[in-house]
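Undergrad: here is my input, please return the structure:
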Amino acid sequence: MALIETRDLWKTYQMGEEQVHALRGVTLQIERGEFVAIIGPSGSGKSTLMNLIGCLDTPSSGEYYLNSKQVSRMNDDELASIRNREIGFVFQTFNLLPRATALHNVELPLIYNGTPAGERSEKAKFALGRVDLTDRMTHKPNELSGGQRQRVALARALVNNPSLLLADEPTGNLDSKTSEEILRLIDHLHHEGNTIIVVTHDRNVASRAHRILSIFDGRIASDERTEKV
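TA: Model prediction:
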């Protein structure tokens, strides 16, 4: 079975007396080891799809399987457990604790799942090493550049060895040079075997992926393989 499989996913919001269909019957499969970009204009449904894939929300109807588990019918506690074990998140705004060191920020998912302190520290150091930040582990976010902060966020996303790395506009707050460095790092993480989904409105970012899903009006408008495959 594919790592990700959705079957006729719908997400409908009630806005007063009006129903808004953010997703309209999305069916897709993403295999282990793929690097996929989800692209679309504002309001297209790409953020809604990301929230469903990331187990941050549940569909109004349809089925979603992650790593052979049907998550579309799970309750909030079960979803939180799946998010912690299976998914690493990277956000545009980094979402780091300002008073915590890089090392402690990376340790956070391990604290939530009850990993013993000594093991936590070793795993967090290893994750920071994967993103070339070993020499910055005692620094706090305000002592790091934007690119270094995003590397900390990547290390935090990887520390649990998740099935999926889900990045939402990961270069949105970075200049072009730093964006290129982060995209090269994401390329490298993919070559190491990580399954990666990048959600973006930026064609240049999407072009780094091996497959591009275009979303429009809540439906998949196109599903292209790039020349990088």
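
Undergrad: ranges for the strands of this protein?
TA: 4-15, 18-30, 35-39, 61-66, 69-70, 87-91, 164-168, 195-200, 211-216, 219-225 (DSSP state E).

Undergrad: could these go into a markdown table alongside mean pLDDT and mean neighbour count?
TA: C-beta coordinates here come from the backbone N, C-alpha and C atoms, glycine included. Shown next, in a markdown table, are these (pLDDT from 0 to 100; neighbours: other Cβ atoms under 10 Å):
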| stretch | mean pLDDT | mean neighbour count |
| --- | --- | --- |
| strand 4-15 | 95 | 16 |
| strand 18-30 | 95 | 16 |
| strand 35-39 | 97 | 24 |
| strand 61-66 | 96 | 18 |
| strand 69-70 | 93 | 12 |
| strand 87-91 | 92 | 22 |
| strand 164-168 | 94 | 23 |
| strand 195-200 | 95 | 24 |
| strand 211-216 | 96 | 20 |
| strand 219-225 | 95 | 13 |
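
Undergrad: which residues of the chain score low on pLDDT?
TA: Scanning the chain for pLDDT under 70 picks out 228-229.

Undergrad: so which residues of it form helices?
TA: With DSSP state H as the definition, the chain shows helices at residue ranges 46-53, 76-86, 102-112, 117-130, 146-158, 176-191, 203-206.

Undergrad: so which other helices or strands are in contact with the third one?
TA: Meaning helix 102-112. helix 117-130, helix 146-158 (3 or more Cβ pairs under 8 Å, 6 or more residues apart in numbering; DSSP states H and E).

Undergrad: the residue nearest in space to the middle of the chain: what's it in contact with?
TA: Taking Cα atoms, centre = their mean, the centroid of the chain lies closest to residue 166, which sits 1.2 Å from it. By Cβ atoms under 8 Å, 6 or more residues apart in numbering, the contact list for residue 166 reads 50, 53-54, 87-90, 157, 196-197, 199.

Undergrad: ok, those residues vs residue 227, which is closest?
TA: residue 196 (17.7 Å; Cβ to Cβ).

Undergrad: excluding its backbone neighbours, what's nearest residue 147?
TA: residue 178 (3.9 Å; Cβ to Cβ, 6 or more residues apart in numbering).

Undergrad: and the one you found, how far is that from residue 172?
TA: In this view, residue 178 and residue 172 are 11 Å apart by Cβ to Cβ, to the nearest Å.

Undergrad: now for the strands of the chain, which one comes closest to residue 144?
TA: Across the strands of the chain, residue 144 has its closest neighbour in strand 87-91 (15.2 Å, Cβ to Cβ).

Undergrad: neighbouring strands - and their directions - for the closest one?
TA: Using DSSP bridges, strand 87-91 pairs in its sheet with strand 164-168 (parallel).

Undergrad: quickly list what the residue nearest to the centre of the chain is bridged to.
TA: residue 89, residue 197.
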